[in-house]
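Student: structure, please.
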Amino acid sequence: MTSDLDEDLVKTASDVGEADIMVGRRIRALRLESGLSLAELAARAGISIGALSQIERGMTSLRVKVIWPLAAALNVEPSVLISEGNDMSSDIYCVRAANRRDLPVHSEGIRKQLLSPPGATLTGMTVEVEPNGGTSEAYSHSGHEFGFVLNGSVELVVDATKYMLRQGDSFAFKSTLLHSFRNPGSETCTILWVNTVKPSEVRDGN
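Tutor: Residues are numbered from 1 along each chain as shown. Model prediction:
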């Protein structure tokens, strides 16, 4: 028994090309990164297991009606599934320097760039804090985090304890503890920051 979405997947073997194979591998990689079985992802996207299996093997092409529910089920933007490029792994397991994207920030003087690829369990980013920039208030959230100061200096406050960190220093703590940071120096501070939460749950570099 097939659904309307399944019928939109039908494509003759002669029409299937390398792009379909790359998209299929991309979807499979994202599914495995998310810890989903074929049955689980198929159910979330509203298509049959057989149809999803064919997509992952590059035997059928994604149609517009299928892209959106699949992307939503994988918690990624639709463009991630169908982005072009000869290096299929570039947006699955790797992020090229030229393809980094900025993450939204709520405080002044902070810039975040996402380093981790879609579907990654860990969220890695660079956090640039301009002189006198920093979080507007202390906050907490779920997860854990780790940071390494690449250059400059930063004042980190964790659970009401203040730490002055400079180039080469590192830190790690539970994100459930109230924390904040600011740059008291005269040069921009850059931190390699890793979180166990998704990019959408990260604010102001944490």
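
Student: measure the closest residue in space to residue 187 that isn't next to it in sequence to residue 161 for me?
Tutor: Excluding its sequence neighbours, the residue lying closest to residue 187 (CB to CB, 6 or more residues apart in numbering) is residue 152, at 5.1 Å. From N, CA and C alone the C-beta is placed, and that goes for glycine too. Using CB to CB, to the nearest Å, one gets 21 Å for the distance from residue 152 to residue 161.

Student: and the closest residue to residue 82 other than its chain neighbours, its phi and psi?
Tutor: Spatial nearest neighbour of residue 82, excluding adjacent residues (CB to CB, 6+ apart): residue 23 at 6.1 Å. Backbone torsions for residue 23, taken as degrees, to the nearest 10, come to phi -60, psi -40.

Student: now do the same contact list for residue 23.
Tutor: 55, 58, 61, 62, 81, 82 (CB atoms under 8 Å, 6 or more residues apart in numbering).

Student: scan those residues and report the most crowded one.
Tutor: For those, neighbours were counted using other CB atoms under 10 Å, and residue 55 has the most, 24 neighbours in all.

Student: give me the nearest residue to that one, chain neighbours excluded.
Tutor: residue 24 (5.4 Å).

Student: pLDDT at the spatially most central residue of the chain, what is it?
Tutor: In the chain, the residue lying closest to the centroid (CA atoms, centre = their mean) is residue 118, at 4.2 Å. For residue 118, the pLDDT comes out at 70.

Student: how far away is it from residue 71?
Tutor: Taking CB to CB, one finds residue 118 at 10 Å from residue 71.

Student: give the residues shared as contacts by those two.
Tutor: residue 80.

Student: before we move on, back to that, between residue 152 and residue 161, point out the one with more neighbours.
Tutor: Using other CB under 10 Å, the more surrounded residue of residue 152 and residue 161 is residue 152, with 20 against 10.

Student: which parts of this structure are strands?
Tutor: All strands of the chain, identified by DSSP state E, fall at 101-103, 110-114, 123-129, 144-151, 153-158, 161-166, 170-174, 179-182, 189-195.

Student: can you tell me which of those strands is nearest to residue 33?
Tutor: strand 123-129 (12.8 Å; CB to CB).

Student: what lines up beside the closest one in the sheet?
Tutor: As defined by DSSP bridges, the strand partners of strand 123-129 come to strand 110-114 (antiparallel), strand 189-195 (antiparallel).

Student: what is the mean pLDDT for it?
Tutor: 96.

Student: how far off centre is it?
Tutor: 12 Å (CA atoms, centre = their mean, to the nearest Å).

Student: report the inter-axis angle for that strand versus strand 153-158.
Tutor: 120 degrees (axes from the mean of the first three to the mean of the last three CA atoms, to 10 degrees).
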